[in-house]
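Peer 1: here is a sequence with its predicted model. Questions after.
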Amino acid sequence: MSQNLLLLVVAGMLVKVSLFSETYVNYVKPGFRPMLIAAGVVVAALALAGLVRGWRDAPRTDNEQGDHGHDHGHDHGHGPRVAWFMAVPVFALTLVAPPALGAFAVQREERPPPPKVSDYRNLSDAGVTPLAVGEFIGRAYGKSLAGKRVKLTGFVVKSSRTGQWYVARMQMSCCAADAIALKVAVRGASAPKEDTWVEVTGTWIPWKGGKVPNGFVAPGLTASDVKEIDQPAEPYE
């Protein structure tokens, strides 16, 4: 009985975070929403079926087994009670949902390999072009950013170097467990509080000596404007 109740709690959590809120994007890509909802519905159906079967069979089991059946139920009663400890993480996730990965994860991320340079569209010479942090990094390993004004959206990460900080974004393939950190070094502007979401407008800083590094090095951006914003609805790239 307790196992089915626990399944029902898990199902309720899945439906709550995926159908009635946008919390699920802290853990998986938006395209997984239908699958999360379907999984919650299936698990809830299985749990309810198990509860109904348990309630239906309980009186018959007690009458037929008599005292021996009572002792048998007593012997196995400890298992379900201990199993309820498995519900603690589920209740914790339901009551206090962890936020999207932020500066803490970026500072402990291993250095990624150099990005593959793609055939990006030409950037306008006039105005400011919004770019994903990942695209900015890819372009920095090419030649399409020279003299262009761009705007990056991400969260603030401290740097050990004086006079710079990072605007960062996590990129994931399917879920937060496989997310990698993308970051751009910002210079020319004071750093807001760590983990604050910002829009940074500026221009790319060419590589020293004009030589693209062999390994990954966070490209630089000279900021002309830094604006604090709320966390986007989709925090990952």
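Peer 2: It's in. Residues are numbered from 1 along each chain as shown.
Peer 1: can we go C-alpha only for contacts and neighbour counts from here?
Peer 2: OK.
Peer 1: got the domain boundaries for this protein?
Peer 2: 2-95, 103-228 (automatic domain parsing).
Peer 1: can you redo the ones you listed as CSV with distance to E237 and mean neighbour count?
Peer 2: Putting these into CSV (distance: least, Cα to Cα, whole Å; neighbours: other Cα atoms under 10 Å) gives the following:
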stretch, distance to E237, mean neighbour count
domain 2-95, 9, 15
domain 103-228, 5, 17
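Peer 1: which of these comes out lowest on mean pLDDT?
Peer 2: Least confident of these, judged by mean pLDDT, is domain 2-95 with a mean of 67.
Peer 1: show me the strands in the protein, by range?
Peer 2: If DSSP state E is used as the criterion, the strands of the chain fall at 129-131, 149-157, 164-171, 180-187, 197-205, 220-228.
Peer 1: closest one to G142 among those strands?
Peer 2: Judged by Cα to Cα, the one of the strands of the chain that comes nearest to G142 is strand 197-205, at 11.7 Å.
Peer 1: what is the orientation angle of the closest one with strand 149-157?
Peer 2: 130 degrees (axes from the mean of the first three to the mean of the last three Cα atoms, to 10 degrees).
Peer 1: neighbouring strands for strand 197-205, and are they parallel or not?
Peer 2: strand 149-157 (antiparallel), strand 220-228 (antiparallel) (DSSP bridges).
Peer 1: just to check, R33 is in contact with F20?
Peer 2: No - using Cα atoms under 8 Å, R33 makes no contact with F20, being 11.0 Å away.
Peer 1: surely A146 and P206 touch.
Peer 2: Yes - counting by Cα under 8 Å, A146 touches P206, with 7.3 Å between them.
Peer 1: tell me how far G210 lies from T23.
Peer 2: 43 Å (Cα to Cα, to the nearest Å).
Peer 1: re the thing from before, now tabulate the strands paired with strand 197-205 in a markdown table and tack on distance to G138.
Peer 2: Formatted as a markdown table, the strands paired with strand 197-205 follow (distance: least, Cα to Cα, whole Å):
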| stretch | distance to G138 |
| --- | --- |
| strand 149-157 | 13 |
| strand 220-228 | 12 |
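Peer 1: out of the ones you listed, which is closest to R187?
Peer 2: Nearest of those (Cα to Cα): strand 220-228, 5.0 Å.
Peer 1: hmm, who's touching that closest one?
Peer 2: Contact with strand 220-228 is made by 184-189, 192, 196-206, as judged by Cα atoms under 8 Å, 6 or more residues apart in numbering.
Peer 1: one more time with 10 Å, if that's ok
Peer 2: Contact with strand 220-228 is made by 136-137, 140, 149-156, 164-167, 183-193, 196-207, as judged by Cα atoms under 10 Å, 6 or more residues apart in numbering.
Peer 1: and if you look at stretch 30-42?
Peer 2: Contacts of stretch 30-42 (Cα under 10 Å, 6+ apart): 7-20, 22, 24-25, 28, 44-45, 47-48, 174-175, 234, 236.
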